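Chemist: Have a look at this prediction, sequence included:
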Amino acid sequence: MGLLSKLLLLPIKGPFDGAMWVTQKVTEAAEQELNDPSTLRKRLKLLEVELVAGRITDDEYDAAEEEILMRLKEAR
């Protein structure tokens, strides 16, 4: 694509490219936070509080704990 084509398409393509870049950065930040070991440890503690308070069952706890532990293992 030539320089002239790029300049002519800039008003149309520019905002789209900008929105895609922002979306990509937000996704990367969310994934990084989701897989952060300290965040995962906090989720484990909150999960245990939920179990002790009786808001979740043992089966729900086990399933969620397994998922969090797998993410922790992958993060290392």
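Modeler: Everything's here; your move.

Chemist: how distant is the one helix or strand in the chain whose mean pLDDT sits lowest from the center of its chain?
Modeler: Lowest mean confidence among the helices and strands of the chain (mean pLDDT, DSSP states H and E): helix 3-34, at a mean of 91. Taking the mean of its C-alpha atoms, helix 3-34 sits 19 Å from the chain's own mean (C-alpha atoms, centre = their mean, to the nearest Å).

Chemist: How many neighbouring residues does Ile56 have?
Modeler: 17 (other C-beta atoms under 10 Å). For every residue, glycine as well, the C-beta is placed using N, CA and C.

Chemist: go on, the one 4 residues further on?
Modeler: Using other C-beta under 10 Å, Glu60 has 13 other residues around it.

Chemist: Distance of it relative to Glu67?
Modeler: Distance from Glu60 to Glu67, counting by C-beta to C-beta, to the nearest Å: 11 Å.

Chemist: Over to Lys6?
Modeler: 46 Å.

Chemist: for Val52, same thing?
Modeler: Distance from Val52 to Glu67, by C-beta to C-beta: 19 Å.

Chemist: So between the two, which is more surrounded?
Modeler: Per other C-beta under 10 Å, whichever of Val52 and Glu67 has more neighbours is Glu67, with 13 against 10.

Chemist: what's the helix or strand for that one?
Modeler: Glu67 is located in helix 58-75, with elements delineated by DSSP states H and E.
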